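Colleague: Predicted structure and sequence below. I'll ask about it afterward.
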Amino acid sequence: MRNPAIIEHSEHKLDAAKISKNALSVLEGLQTAGFEAYLVGGAVRDILLGLSPKDFDIATSASPEEIHKLFRNCRLIGRRFRLAHLHFRGEIVEVATFRGNPDDCHADTGIILRDNIYGSLEEDAWRRDFTMNALYYNHQTQTITDHTGGMQDLQQKMLRMIGVATQRYQEDPVRMLRAVRLAGKLNLTIEQQTAQPINGMADSLLNIPGARLFDELLKWFFSGASFAGFDLLCTHEIFPILFSQTAKATYEPNVTAFLQYGFQNADQRIKDGKSLNPAFFLAFLLWPPLQIIMKKHQKNGMKYFPALQLAIDELLTKQRKILSIPQRFTLTAKGIWLLQSRLTTPRRKMIYKTFNHPRFRAAYDFLLLREQSGENVFAAADWWTRFQEVSNRAKQCMLKDLEKKPVI
């Protein structure tokens with residue numbers, strides 16, 4: 001451990017206007033009650049990088065029970081990690097008690113089993129994952145406390161693990177995913193000793209509950225830098241662990257291009273402030289292996305739809321062994337896949353039924369993605385694009401023409 005650096009506002013110039021009013025009220029409430037309280041983690045990091053954070057985490061000397069007594073809108077959550085969630089209209093501020101060292105709370109694999117051991121600010125700092133996430137902002141004094149050299153790493157855009165990387169990944173393998181996601185999102189360089197163990201330890205992610213893995217992947221999906229993250233996931237051999245069927249399919253022609261277009265389109269939607277359903281990510285991530293499985297069944301004599309249905313069941317059964325994907329997302333992805341046949345071979349009797357289908361828009365966007373990546377579906381994509389743009393009278397003309405000359 002080292003003596004902490006106390007960085008004055010004249011040096012760090014953190015823009016406090018970017019801190020939510022709710023988070024400020026929590027900080028003031030804790031400090032007025034006599035507790036230490038700091039804004040910490042991603043919010044401090046992002047503000048210093050010139051970004052506007054969405055989530056605000058607070059670290060404090062108050063215990064979860066003391067926080068609960070102090071705030072009426074507080075709910076205590078978690079067993080392994082006891083946290084306080086303070087609920088405001090449209091926002092949750094997360095408050096965690098300073099953590100100590102859980103020396104006797106590890107499984108044989110090294111994963112931390114219990115973490116409700118409390119300590120000091122300094123102990124809490126050295127328990128955090130990356131140095132740039134261990135910067136503690138005191139709103140009263142407008143100073144930042146830095147125990148780990150995080151400010152220097154932040155200025156150099158260097159992502160550095162606190163402590164021995166191998167041990168920290170053993171304690172929580174999800175830190176590998178987090179490292180890759182942050183590096184892609186914030187355009188950071190992963191420090192050599194932080195990056196080096198990842199390739200050899202990626203399979204330890206299989207020890208993590210599937211629901212937690214999926215939640216972490218959602219952060220990647222919605223980061224606005226999923227394409228950069230995909231490249232890093234492949235470089236560090238994490239992607240084949242989480243999506244083994246898709247990774248095997250990348251040896252097929254045009255699959256990598258298809259995935260790249262998918263990520264780039266998703267990132268653009270995030271930047272444009274448009275909505276994005278996790279099911280769409282699943283749909284394009286799993287589409288390449290779905291095609292391989294379906295074609296195998298068709299070669300064995302099955303017709304298109306039975307082969308597709310069976311392929312979907314096989315694909316999702318395998319994927320659920322790694323990730324616990326909520327059913328609402330798999331049902332939407334399945335709907336996107338099933339509608340592709342109707343879209344690529346439009347038939348007059350099914351046009352309005354397809355057009356009014358609740359998943360039509362997602363399926364149409366998926367069709368455009370297939371077209372962009374080089375699949376021979378241009379005629380169908382062009383037909384459906386025109387059908388949405390023209391008047392009702394023109395739609396009827398298109399339907400009459402469709403009887404005379406099918407799109408495909």
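Modeller: Right, received. Where do you want to start?
Colleague: quick one: the helices in the stretch 51-200 of the chain?
Modeller: 64-70, 121-127, 150-155, 165-171, 174-186, 192-195, 198-201 (DSSP state H, counting those that start in this stretch).
Colleague: could the ones you listed go into JSON lines alongside mean neighbour count?
Modeller: Where you see a C-beta, it was placed from the backbone N, CA and C, and this is true even at glycine. Below are these laid out as JSON lines (neighbours: other Cβ atoms under 10 Å):
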{"stretch": "helix 64-70", "mean neighbour count": "18"}
{"stretch": "helix 121-127", "mean neighbour count": "20"}
{"stretch": "helix 150-155", "mean neighbour count": "19"}
{"stretch": "helix 165-171", "mean neighbour count": "20"}
{"stretch": "helix 174-186", "mean neighbour count": "22"}
{"stretch": "helix 192-195", "mean neighbour count": "16"}
{"stretch": "helix 198-201", "mean neighbour count": "16"}
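Colleague: and those helices as a markdown table, adding distance to residue 276 and mean pLDDT?
Modeller: As requested, the helices of the stretch 51-200 of the chain are exported to a markdown table (distance: least, Cβ to Cβ, whole Å; pLDDT from 0 to 100):
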| stretch | distance to residue 276 | mean pLDDT |
| --- | --- | --- |
| helix 64-70 | 34 | 96 |
| helix 121-127 | 33 | 94 |
| helix 150-155 | 29 | 96 |
| helix 165-171 | 30 | 95 |
| helix 174-186 | 15 | 96 |
| helix 192-195 | 29 | 97 |
| helix 198-201 | 27 | 96 |
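Colleague: Make TSV from those helices and add distance to residue 388 to it.
Modeller: As requested, those are arranged in TSV below (distance: least, Cβ to Cβ, whole Å):
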stretch	distance to residue 388
helix 64-70	52
helix 121-127	53
helix 150-155	46
helix 165-171	48
helix 174-186	33
helix 192-195	46
helix 198-201	45
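Colleague: Tell me which of the ones you listed sits nearest to residue 374.
Modeller: Closest to residue 374 of the helices of the stretch 51-200 of the chain is helix 174-186 (Cβ to Cβ; 24.9 Å).
Colleague: Show me what that closest one is packed up against.
Modeller: strand 158-159, helix 165-171, strand 189-190, helix 198-201, helix 210-221, helix 226-235 (3 or more Cβ pairs under 8 Å, 6 or more residues apart in numbering; DSSP states H and E).
Colleague: Select, out of the ones you listed, the one closest to residue 53.
Modeller: Nearest of those to residue 53, taken as Cβ to Cβ: helix 210-221 at 13.3 Å.
Colleague: Identify whichever of the helices of the stretch 51-200 of the chain lies nearest to residue 283.
Modeller: Nearest of the helices of the stretch 51-200 of the chain (Cβ to Cβ): helix 174-186, 20.9 Å.
Colleague: Next, the angle from the closest one to helix 210-221.
Modeller: 10 degrees (axes from the mean of the first three to the mean of the last three Cα atoms, to 10 degrees).
Colleague: contact partners of helix 174-186?
Modeller: Residues from elsewhere that reach helix 174-186, judged by Cβ atoms under 8 Å, 6 or more residues apart in numbering: 49, 129-130, 157, 159, 161, 168-169, 188-190, 194-195, 198, 201-202, 205, 208, 212-213, 216-217, 219-220, 223-226, 228-233, 236, 238.
Colleague: what inclination does that helix have with respect to helix 226-235?
Modeller: In terms of direction (the same axes, to 10 degrees), helix 174-186 departs from helix 226-235 by 140 degrees.
Colleague: Not counting residues beside it along the chain, what's closest to residue 47?
Modeller: Nearest residue to residue 47 in three dimensions, chain neighbours excluded: residue 18, at 4.9 Å (Cβ to Cβ, 6 or more residues apart in numbering).
Colleague: Enumerate every residue touching that neighbour.
Modeller: Taking Cβ under 8 Å, 6+ apart, we find residue 18 in contact with 47, 52, 53.
Colleague: Can you read off the backbone torsions of the second one?
Modeller: With angles defined as degrees, to the nearest 10, residue 52 sits at phi -110, psi 110.
Colleague: For it, give me the pLDDT.
Modeller: Looking at residue 52, its pLDDT stands at 92.
Colleague: how near is it to residue 281?
Modeller: 24 Å (Cβ to Cβ, to the nearest Å).
Colleague: do the same with residue 355
Modeller: Taking Cβ to Cβ, one finds residue 355 at 24 Å from residue 281.
Colleague: How about residue 289?
Modeller: 15 Å.
Colleague: Residue 342 too?
Modeller: 22 Å.
Colleague: do residue 321 as well
Modeller: Residue 321 sits 19 Å away from residue 281, going by Cβ to Cβ.
Colleague: Which one's more surrounded, those two?
Modeller: residue 281 (21 against 10; other Cβ atoms under 10 Å).
Colleague: got the contact list for that one?
Modeller: Counting by Cβ under 8 Å, 6+ apart, residue 281 makes contact with 221, 226, 262, 266.
Colleague: The residues you listed: which two are farthest apart?
Modeller: Farthest pair in those, by Cβ to Cβ: 221 and 262, 10.7 Å.
Colleague: just to revisit the earlier point, which one of the helices and strands packed on helix 174-186 lies closest to residue 57?
Modeller: Residue 57 sits nearest to helix 210-221 of all the helices and strands packed on helix 174-186, at 14.1 Å, using Cβ to Cβ.
Colleague: And the closest one, what does it pack against?
Modeller: Taking 3+ Cβ pairs under 8 Å, 6+ apart as contact, the helices and strands that helix 210-221 lies on are helix 174-186, helix 226-235, helix 278-299.
Colleague: helices or strands up against the helix or strand that the longest one is followed by?
Modeller: This points to helix 278-299. Helices and strands here follow DSSP states H and E; after helix 278-299, the next one along the chain is helix 304-319. The contact analysis (3+ Cβ pairs under 8 Å, 6+ apart) places helix 304-319 against helix 244-249, helix 278-299, helix 327-344.
Colleague: hmm, who's touching the shortest one?
Modeller: Contacts with helix 244-249, where a contact means Cβ under 8 Å, 6+ apart, come from 239-240, 255, 259, 285-286, 288-289, 291-292, 315, 318-319, 322.
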